[in-house]
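> Below are the sequence and a predicted model; questions follow.
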Amino acid sequence: MATAADAAREFATGPQVAEAARQLLSCFPLPELCEALANARPEDAGHLFSAIERLAQFEDAREAFLGDNVVSFLRQGAESQSPQIRTLVAKLVARLVKEGGEVATSRLASHGLLEACEVLLMDEETGTAEAAVGTFCVVVQFPTWREAALGAVERLQGRLGDMLDVQRIRVLHLFVELGRASDDVFASLERRGAYRQVLGAFLTEDILLKLNAVELMEALGSFPAGQDLLSREGLPQQLAQELLDPMCDDSVRLCVVRLLGLILRRTPATMDTLLPGREAPLAQNIAGMLESTNPAERLCALNAWADLSQHPAGLAFFLQWEGRLQAILAHVASTQNEVCKGAMASWAAVLQVPPPTASGAQGAQQLSEAPEILLWQIAENRLLPLVLENLTAKPFADVRCHVWQLLALLVQSRSAAQVAVPSEHLRELLLDFTSETDCSARIAKHAFVQSLQRHDQWLNAFLDENVVQLLAEFAQQGPHWVPCNAAAMVGDQAGA
């Protein structure tokens, strides 16, 4: 007769389908599998772990996890001497609250599993602690259990001073992730001083703690409430001061430049403080990173430039700085594909502003009044040739996606479209419906063709009438459409 371990092995190594889960549970209900795991031999434990964790993926099986025996097993397992069992418990609780909602949360919380997650957050296993963070981030979104979760957070906050650095960073990470999950929770934690402690871990003379807090700060700056916090109370100036330290670690410098770019994008009023001129620490660091041989630094500078250029003052600042502008353009043709993609993505972010109309261009008297006019002149005359060259020089799926996306924005301008369309290689690619095998690249190419349709009145001046109709059909049908006579059309157009 098959044992629970044998059945778990068959399930864990077989197809992960609902019928297999039902068959396993019909032979060995979940409480029996949990009991078997608690008493398993080492050679059987792995399959039991895998089977129990995978069962939680199936909605039909999820109710069984909320039964008294299984919930008691989870509560006891949170205090097990076995790291594997503690990890299993943390992952199961995180999945159950996420998939089961407030009903599952109430069931688990009433058996003390919120308090258990407070302990699991301190576990030496990173995966266990991350699962516990995930549980709290879900629970705080349920009004009934929010205060209970925040109570656990407050207890952890009170113990921060006694924790090792690794545990302290984990708790601070929890504060950041909870704030990301809910604006109300962010406000509550801010009132409790939680984010002062996050900032304190970074704005410190303790270099090891500062380095550990880099990811915390990047996470804090990645959502609106965190960006608003970083924009207040002199924090931008404090962050900028870090860039003046000649001994500043590279990871800290990258982090600060990223954060200041996000702050300026979110709060343009800080422009006068952070970028009063080209000698400002932020400007000099962006300039240096643009010339760096380190791809991470180049990408950081490009992202910061894109963030700064989201508002007119930041855009005008860099458009008038020819030396840096030339570097930003040159990176579009970089031999490092990640830098090339990053540069095109940055230009795409900046070119979200539509091209100016003829009347708007004539009405603007100064760059500060309408920097987008100079932006589009640069895009049409200097950026477009580099992007078109990438169609030929970089026939890679991941690069092509960025090329088509940027071209779709550029050809919003009639001038740019009239330069791009006569390109022989571009026309060949447009009519080669197998040119892009990657889904993202096909979608981006289709977006380019759709963008071209705004100029349908004059396209037949450059393309055969049949080709114009074919492209119009492509724009209408979608990115995965392939016409029956596509091969013939490519040949005809190539010989035109």
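That came through, no problem. Numbering: from 1, shown residues only.
> Could you use CA atoms for every contact and neighbour count after this?
Will do.
> Provide the secondary structure category for the spatially closest residue to residue 392 that is not a sequence neighbour.
With Cα to Cα, 6 or more residues apart in numbering as the measure, residue 425 is the residue that lies nearest to residue 392, at 7.4 Å, once sequence neighbours are left out. Three-state secondary structure (criterion: DSSP: H, G, I helix; E, B strand; the rest coil) places residue 425 in helix.
> And for stretch 374-382, what's in contact with it?
By Cα atoms under 8 Å, 6 or more residues apart in numbering, the residues outside stretch 374-382 that reach it are 319, 329, 351, 355, 356, 367, 410, 413, 415, 416.
> what comes up buried for the host helix or strand of residue 92?
With the criterion set as DSSP states H and E, the secondary-structure element containing residue 92 is helix 83-109. Neighbour counts over helix 83-109 (16 or more other Cα atoms under 10 Å) mark 83-100, 102, 104-109 as buried.
> show me what contacts the residue nearest to the spatial centre of the chain?
Averaging the C-alpha coordinates of the chain gives a centre point, and the residue nearest to it by Cα atoms, centre = their mean is residue 222 (8.7 Å). Contacts for residue 222 were tallied using Cα under 8 Å, 6+ apart; there are none.
> And it, how far from residue 254?
In this structure, residue 222 and residue 254 are 14 Å apart, going by Cα to Cα, to the nearest Å.
> rewinding a little: mind checking which of the contacts of stretch 374-382 land in helices?
With DSSP state H as the criterion, helices contain 319, 329, 410, 415, 416 from among the contacts of stretch 374-382.
> and the residues you listed, which are buried?
By the neighbour-count criterion of 16+ other Cα under 10 Å, the ones in helices among the contacts of stretch 374-382 include these buried positions: 319, 329, 410, 416.
> show me the contacts for the second one.
When you say that, I think you mean residue 329. Contacts of residue 329 by Cα under 8 Å, 6+ apart are 343, 382, 383.
> Compare these and tell me which has the most neighbours.
Among the contacts of residue 329, the one with the most neighbours (other Cα atoms under 10 Å) is residue 343, at 27 neighbours.
> Residue 144: which of the ones in helices among the contacts of stretch 374-382 is nearest?
Closest approach to residue 144 among the ones in helices among the contacts of stretch 374-382 (Cα to Cα): residue 410, at 50.6 Å.
> Grab the nearest non-local neighbour of that closest one.
With sequence-adjacent residues excluded and distances taken as Cα to Cα, 6+ apart, residue 410 is closest to residue 416, at 6.2 Å.
> what's the distance between the nearest residue to residue 309 once chain neighbours are set aside and residue 279?
Distance criterion Cα to Cα, 6+ apart; nearest residue to residue 309, sequence neighbours excluded, is residue 315 at 4.0 Å. Here the distance between residue 315 and residue 279 works out to 17 Å (Cα to Cα).
> Same check on residue 384?
In this structure, residue 384 lies at 30 Å from residue 279, with Cα to Cα as the measure.
> try residue 336
Applying Cα to Cα, the value for residue 336 to residue 279 is 29 Å.
> cool, and residue 331?
Distance, residue 331 to residue 279, using Cα to Cα: 23 Å.
> Of the two, give the one with the bigger neighbour count.
More neighbours sit around residue 331 than around the other of residue 331 and residue 279, counting by other Cα under 10 Å; the figures are 24 against 10.
> give the contact list for the more buried one.
Residue 331 makes contact with 339, 340, 343, according to Cα under 8 Å, 6+ apart.
> Now do residue 141, the pLDDT please.
Per-residue pLDDT puts residue 141 at 92.
> what about the residue nearest to it when sequence neighbours are not counted, neighbour count?
Counting by Cα to Cα, 6+ apart, the nearest residue to residue 141 once its immediate chain neighbours are dropped is residue 182, at 6.9 Å. The burial count assigned to residue 182 is 16, neighbours taken as other Cα under 10 Å.
> quick one: the nearest residue to residue 480 once chain neighbours are set aside from residue 434, how far?
Using Cα to Cα, 6+ apart and skipping the chain neighbours, the partner closest in space to residue 480 is residue 442 (7.0 Å). When Cα to Cα is applied, the distance between residue 442 and residue 434 equals 9 Å.
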